[in-house]
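Asker: sequence first, then the predicted structure:
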Amino acid sequence: MGLFGKSENKQAEKLKFALGKFRQGIKNIVPGLGGDFSIERLEAALLSSDVGLETVEKLIQPLESGQDKGDPGEHLRKQIIEIFHRAGPVTLQISDSSPTVYFFVGVNGSGKTTSMAKLAHNFDKQIIFAAADTFRAAAIEQLKKWGERLDLPVISHQKGGDPTAVVYDALEAAVHRQADFLFVDTAGRLHTRRDLMEQLEKMYRVTVGQKSNEPTESLLVLDASTGQNGLQQVRTFAEKLPVTGIILSKLDSTARGGVALSVVDELGIPVKLVGTGETLDDLAPFSPEIYCDALLGEEF
Amino acid sequence: MFDRLTEKLNSAFKKLRGRGKLSEEQVKDGLKEIRRILLAADVHYSVVKKFVKRVENKAIGEEVLKSLTPGEQIIKIVREELQELLGGQREELGLHQHGPTPIILVGLQGTGKTTTAGKLALHYREQKKTPILYSADYRRPAAREQLRQLAEENQLEFYPEQYEDPRDDLPELVEYAENKSLNPVIIDTAGRLNIDQPMLEEIGDFQRLLPESRVLLVIDGMMGQEALQVAEDFAGVVQLDGLILTKMEGDARGGAAISAREVTGVPVLYIGTGEKAADFQPFHPERMASRILGMGDVFGLIEDAEKAADAEEQAALQERFMKGKITMADLDKQFDQLKKMGPLEGLLERLPGGYQLKNQMQNQNFDARDIDRMQAIIRSMTPEERENPRMINGSRRRRIAEGSGTSRELVNQLLKQFKMMKKMMDDLRKNQGMIQKLSSGMGMGGFPGL
């Protein structure tokens, strides 16, 4: 994670702290968890963390059938870490030729703009913002305020304009000004809105889709409190553009973000970043090990 | 999912078809599937556990009704209990008759409070009330600007902030509303975490400063297990009067509503069903119970259809339909209305068995653009052709295919479908009893006694 200009240890501490809160949450919901192990308790812990039903069954089945002998907690931890490692590296890609383009996508209210601003703040690079949310009232103003706060240029059109045209212009501007990165803030859209999903596909295809040999990131911002529907959300987005990573946002809440485990398990898309609080510093690289501790409690 | 549910339950109870009492074993088997459905719908684990126990106690030993299979009998009990859990009957938020009623919207970040504030105002205006909007969100960049724009777009009253701290604005805001006879006063607040004590107490201050106010908690319909904790934490600092569930146009089941209702005891009042200000519906427990079980929401669908439809045009169409005189032009208009109601998949999902339909559609690669194509074909016809598609011969077909940028196969297909539709309608017309049967079957999700 060399991209993070700030101290990496500090980021890891932040993550630990944020996850610590949700570890406590599990203990509250399932009293005595970790004291004595039972399949039912484990199932309860996973389900009440919003881990998807299929993944829960998959994790529990070997324990239930007695196929796994020995320490059940140890087995489970191994399984979970394996799921994360299967999804591949959690580092963010950089193109050989500037600018590197990052798309920020997701459903309404997941925290796209905030996550993007945090990442920009943590990068010690020259970044340009593209205000491609031309739909929501005051979305452009919101991004402009972030631009002012972070002292970064924002490329925008009028509200109601074609978002693809914004990205196109912003890409030109980024090349022209020799910026290192272009961050594209897209409008929130529910994955069931086929028209909006097609708009997103087009936006990606006619801009960065053209330079297909260059690595770019399409980061899907997923609210950590999302329930069982999260899997379908990510799946549908990934059908429209190559989602390269998940930003698990709002982990500073009491939500446990179990949905991420299912997304990684079933779709193989890695979690790359975690939102851990309200200030600009509160964004951390994802760590499967710390996540696992938090999800299960250290006792497992 | 509902189709799968009944299928599973029915196969479990095959031997018992239509007679005897429900035994403990059968009930437990059936409830395993119910438990899965509820968990998949994001109902809180602990609530599901209690719920399943309650249904179990009620179902064991129950006489199976003659008209039902045991599987259907269990679903009947589940549906009734679920509706009860969701509040039983629809509840309304009363407004003060004299003087303004402040309505304070609170919730986590990103649940859709600001959008909901606009929707709620529009909803009250439709009821001939005189709402005014005010934003107390000084935290999120441009949040106030967002509400101001929403107000402007919908010609709603908006009160701009005068002081830095929203608490200082409240007395003058209420006075302003009172003088101008505005009611209710809808107050949007900053999103806050349920563990952020100082921020929670700020809402407590709002409530103390506005003792006549109603406080509504806005919850994301896609939210998972955490809804329970969040609702509990908010209810711990303020006296809640109701809940609003947002983003319900998606495919989330909205089990969060059950969890939140269960811990707060306050009713769910509205659901948000889209990004536009008009996408807002009163909450009906019986419809929500159907939705959670995957049985569709036919009533909501009909309401939306009525909203989208031009009443006069519908009446005229109905008359032509009764006389068997439906034309291609009518079909074109129907497509327009269908498109007004939102994405097709969303509509399908609200029909009983809609999930299957949706899957079928996806298997056949049918999508919303097919409707555009069909409309392009119809619009490439001459008015005579639209009135009387039988006159469309080979060369006309070629012309229409070229004009609409489609193919002759598609033109043929549409004509064939139209012919079939017309024949079906003629048959229906000849058999009025059949129509009744069809419509009542739809309302009950195909289940007698439900």
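Answerer: It's in. This one's a predicted model, so the numbers in the text were calculated from it and none came from an experiment.

Asker: A:M197 is in contact with A:T236, isn't it?
Answerer: Yes - the pair A:M197 / A:T236 is scored as a contact, 6.7 Å apart, by CB atoms under 8 Å. No exception for glycine: its C-beta is placed from N, CA and C like everyone else's.

Asker: mind listing the shared neighbours of the two?
Answerer: Counting by CB atoms under 8 Å, 6 or more residues apart in numbering or on different chains, the common neighbours of A:M197 and A:T236 are A:H191.

Asker: what ranges do the strands span in the chain?
Answerer: The chain I'm using is chain A. Ranges of strands within chain A are A:100-105, A:127-132, A:154-155, A:181-186, A:217-223, A:245-249, A:271-275, A:283-285, based on DSSP state E.

Asker: switch to chain B, that's the one I care about
Answerer: With DSSP E as the criterion, chain B has strands at B:102-106, B:132-135, B:157-159, B:185-188, B:214-220, B:242-246, B:268-272, B:280-282.

Asker: report whether the last one contacts chain A.
Answerer: No - for strand B:280-282 and chain A, the contact criterion (CB under 8 Å from any CB of the partner chain) is not met; the two come no nearer than 14.8 Å.

Asker: and that strand, what's buried?
Answerer: Under the neighbour-count criterion of 16 or more other CB atoms under 10 Å in any protein chain shown, strand B:280-282 has B:280-281 buried.

Asker: what residues does the stretch 151-300 of chain A have near chain B?
Answerer: A:190-195, A:223, A:225-230, A:232-233, A:250, A:252-256, A:258-259, A:278.

Asker: and the nearest residue to B:F283 once chain neighbours are set aside, how far from A:A255?
Answerer: Leaving aside its sequence neighbours, B:F283 sits nearest to B:V268 (CB to CB, 6 or more residues apart in numbering or on different chains; 4.4 Å). Applying CB to CB, to the nearest Å, the value for B:V268 to A:A255 is 21 Å.

Asker: tell me which of the two has more neighbours.
Answerer: Taking neighbours as other CB atoms under 10 Å in any protein chain shown, B:V268 and A:A255 compare with A:A255 leading, 31 against 28.

Asker: residues in contact with the more buried one?
Answerer: Contacts of A:A255 (CB under 8 Å, 6+ apart): A:22, A:50, A:223-225, B:224, B:226.

Asker: rank these by pLDDT and give me only the lowest.
Answerer: Least confident by pLDDT among the contacts of A:A255: that is A:F22, with 45.

Asker: dump the residue contacts of the closest residue to B:R79 other than its chain neighbours.
Answerer: Distance criterion CB to CB, 6+ apart; nearest residue to B:R79, sequence neighbours excluded, is B:A289 at 5.4 Å. Shown in contact with B:A289 (CB under 8 Å, 6+ apart): B:79, B:82-83, B:86.

Asker: next step: these restricted to helices.
Answerer: If you go by DSSP state H, those have B:79, B:82-83 in helices.

Asker: tell me which residues in stretch B:83-100 are buried?
Answerer: Buried, per 16+ other CB under 10 Å, within stretch B:83-100: B:83, B:85-87, B:93, B:95, B:100.

Asker: got TSV for those residues, with pLDDT too?
Answerer: Shown next, in TSV, are the buried residues of stretch B:83-100 (pLDDT from 0 to 100):
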residue	pLDDT
B:Q83	91
B:L85	91
B:L86	91
B:G87	90
B:L93	92
B:L95	91
B:P100	95
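
Asker: out of those, which is nearest to A:D293?
Answerer: Nearest to A:D293 among the buried residues of stretch B:83-100: B:L85, at 35.1 Å, using CB to CB.

Asker: these two touch, right, the closest one and B:A260?
Answerer: No - counting by CB under 8 Å, B:A260 is not a contact partner of B:L85; they are 11.4 Å apart.

Asker: now the residue nearest to A:F84 when sequence neighbours are not counted: how far from A:V263?
Answerer: Closest residue to A:F84 apart from its sequence neighbours, by CB to CB, 6+ apart: A:P288 at 3.6 Å. Per CB to CB, A:P288 is found 13 Å from A:V263.

Asker: of those two, who's got more company?
Answerer: A:V263 (29 against 19).

Asker: contacts only, for the residue lying closest to the more buried one once chain neighbours are set aside.
Answerer: Leaving aside its chain neighbours, A:V263 sits nearest to A:V234 (4.9 Å; criterion: CB to CB, 6+ apart). Going by CB under 8 Å, 6+ apart, A:V234 touches A:220, A:222, A:243, A:246, A:263, A:267, A:269.

Asker: can you redo those as JSON lines with pLDDT?
Answerer: Formatted as JSON lines, the contacts of A:V234 follow (pLDDT from 0 to 100):
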{"residue": "A:L220", "pLDDT": "98"}
{"residue": "A:L222", "pLDDT": "97"}
{"residue": "A:V243", "pLDDT": "95"}
{"residue": "A:I246", "pLDDT": "97"}
{"residue": "A:V263", "pLDDT": "95"}
{"residue": "A:L267", "pLDDT": "96"}
{"residue": "A:I269", "pLDDT": "96"}
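
Asker: picking up where we left off before, and the two most separated of the contacts of A:A255?
Answerer: Distance extremes for the contacts of A:A255: the farthest pair is A:F22 and A:D223 at 13.7 Å, using CB to CB.

Asker: these two: which has the busier surroundings?
Answerer: Set A:F22 next to A:D223 and count neighbours by other CB under 10 Å: A:D223 wins out with 32 against 23.

Asker: who's the more buried one bridged to?
Answerer: With DSSP bridges as the criterion, A:D223 is bridged to A:S249.

Asker: now do the contacts for it.
Answerer: For A:D223, counting by CB under 8 Å, 6+ apart, the contacting residues are A:107, A:109-111, A:249-250, A:255, B:110, B:220, B:222-223.

Asker: and of the residues you listed, the nearest to B:K49?
Answerer: Out of these, the member with the shortest distance to B:K49 (by CB to CB) is B:M223, at 19.2 Å.

Asker: the residue nearest to that closest one when sequence neighbours are not counted: how many residues sit nearby?
Answerer: Sequence neighbours aside, B:A256 is the residue nearest to B:M223 in space, at 4.4 Å (criterion: CB to CB, 6+ apart). As a burial measure, B:A256 scores 30 neighbours (other CB under 10 Å).
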